[in-house]
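Sequence plus the predicted model coming up.
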Amino acid sequence: MFILTDYKIQFEPVSFKTSQDTVTILASVITKGAATLYQSQIDPERLGLDEAVSPFYVIKSSRGTFPLLHNTDPTKRQYNKFKGILNYATGECNDQQQMNRLRYTLKDILDVVLSYNKCKDPNSTPATINTKPQIPAIVSHQLLIGGVIASKAQLSSDDIYIERYSGGAGFNVAYCLQAIYPAISKKISTEFSLGLTYAKYKSEFVTDKTYNYFAGRIKILGGFNLSDKPNVMPIIQFGPSFEFQTNLLSINPLANVGFGIGLNRYFIGGLVEFPFTSFNDRSFYSLNFKYTFAKSKDKKSNQ
């Protein structure tokens, strides 16, 4: 056992059986008593616990030591499996109404364990050690490519002559850094991207005259995931971007709103980007594909 005093987190080795073997992990202690509750940030698949979400919990009671596993997808083998295991581990004195209302949250599981400990030893004082373990953000590094359709553009010269161009077409390329915050909600994400947009316009007044639009892009987008499934992410995105036009040496703020669907490492989505002052002037409609080439959750844990 050891304790990180700065974070008030206590760790202990805990062993339990899986379908393949007996494994021992280093887990944070949530509460101790007649039953001890642990939490682990290790990816369950690394332990042979397929289709279970992370973090997961482990309970040690007089009936044994068991991992409490769950998957939000009703078609998966681990869906709500934790309820039956927790019911068995605390079966000597548990509240069936409490068990029926049970959700896979630290609060609900901890309430069951504390009730069990109080039932086994009414004179005991609950020893809750760590109810808020540090849950790091899940960071993804992504490459974006996509096609762009641009609405009309107006270019002024010496504030007198205005030249108009009809809609253009081109492409986007960008590096994206996305973060999901499980400590708050796995549905909330942010995305920072640095990229380049190119579009080719045609003059509305002069035949065969074109305008090549090059601009750097910095985007800061917030996202909300509409699904509880860990590998499928229908997501709404919104936020500002800043356009750095290389041929006009100007910086312009733009608004963004979009929708897309992610599946494991792949994402496809549409995004509308337009000036804050006018939706029709130089708006960009893009269909983008993103590939996640590195993700912090995939890194090996030291726990």
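On my side now, so go ahead. As the structure is a computational prediction, the values presented were derived from the model and not from experiment.

Buried by neighbour count: which residues of stretch 94-114 qualify?
Residues of stretch 94-114 classed as buried under the neighbour-count rule (16 or more other CB atoms under 10 Å) are 94, 99, 102, 104, 106, 109, 110, 112, 113, 114. C-betas here are computed from N, CA, C, even on glycine.

and the helix ranked longest in the chain, what does it pack onto?
Identified as the longest helix of the chain according to DSSP state H is helix 106-120. Applying 3 or more CB pairs under 8 Å, 6 or more residues apart in numbering; DSSP states H and E, we find helix 106-120 packed against strand 22-32, strand 36-40, strand 56-61, helix 81-89, helix 96-100.

Run me through the strand neighbours of the first one, direction for each.
So the one you mean is strand 22-32. strand 9-17 (antiparallel), strand 36-40 (antiparallel), strand 127-128 (antiparallel) (DSSP bridges).

Send me the first one as PDB with only the CA atoms.
Listed in PDB are the C-alpha atoms of strand 9-17, where the atom choice follows Å, rounded to 0.1, in the frame of the first residue of the first chain:
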ATOM      1  CA  ILE A   9      -5.300   9.000  -2.900                       C
ATOM      2  CA  GLN A  10      -4.400   5.600  -1.400                       C
ATOM      3  CA  PHE A  11      -3.400   2.600  -3.600                       C
ATOM      4  CA  GLU A  12      -3.400  -1.100  -2.800                       C
ATOM      5  CA  PRO A  13      -2.800  -4.200  -4.800                       C
ATOM      6  CA  VAL A  14      -6.000  -6.200  -5.300                       C
ATOM      7  CA  SER A  15      -6.400  -9.600  -7.000                       C
ATOM      8  CA  PHE A  16      -9.400 -11.200  -8.600                       C
ATOM      9  CA  LYS A  17     -10.300 -13.900 -11.100                       C
END
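
That one versus strand 56-61: what angle between them?
Relative orientation of strand 9-17 versus strand 56-61 (axes from the mean of the first three to the mean of the last three CA atoms, to 10 degrees): 80 degrees.

roughly how far is strand 9-17 from the heart of the chain?
Distance, stretch centre to chain centre, for strand 9-17: 27 Å (CA atoms, centre = their mean, to the nearest Å).

That one: which residues count as buried?
So, applying 16+ other CB under 10 Å, buried residues of strand 9-17: 9, 10, 11, 12, 14, 16.

Check whether residue 198 really touches residue 217, as I assumed.
No - using CB atoms under 8 Å, residue 198 makes no contact with residue 217, being 10.8 Å away.

Between the strands paired with strand 22-32, which one is closest to residue 266.
With CB to CB as the measure, strand 36-40 is the member of the strands paired with strand 22-32 nearest residue 266 (28.5 Å).

domains for this structure, by residue range?
Here the domain assignment for the chain is 2-128, 138-298, based on automatic domain parsing.

so which strand or helix has residue 66?
Using DSSP states H and E, residue 66 falls within strand 64-68.

Just the buried residues of that strand, please?
Counting neighbours by 16+ other CB under 10 Å, the buried set in strand 64-68 is 65, 66, 67, 68.

Next: stretch 202-212.
Neighbour counts over stretch 202-212 (16+ other CB under 10 Å) mark residue 211 as buried.

cool, and stretch 233-245?
Using 16+ other CB under 10 Å as the test for burial, stretch 233-245 gives 233, 235, 237, 239, 241, 243.
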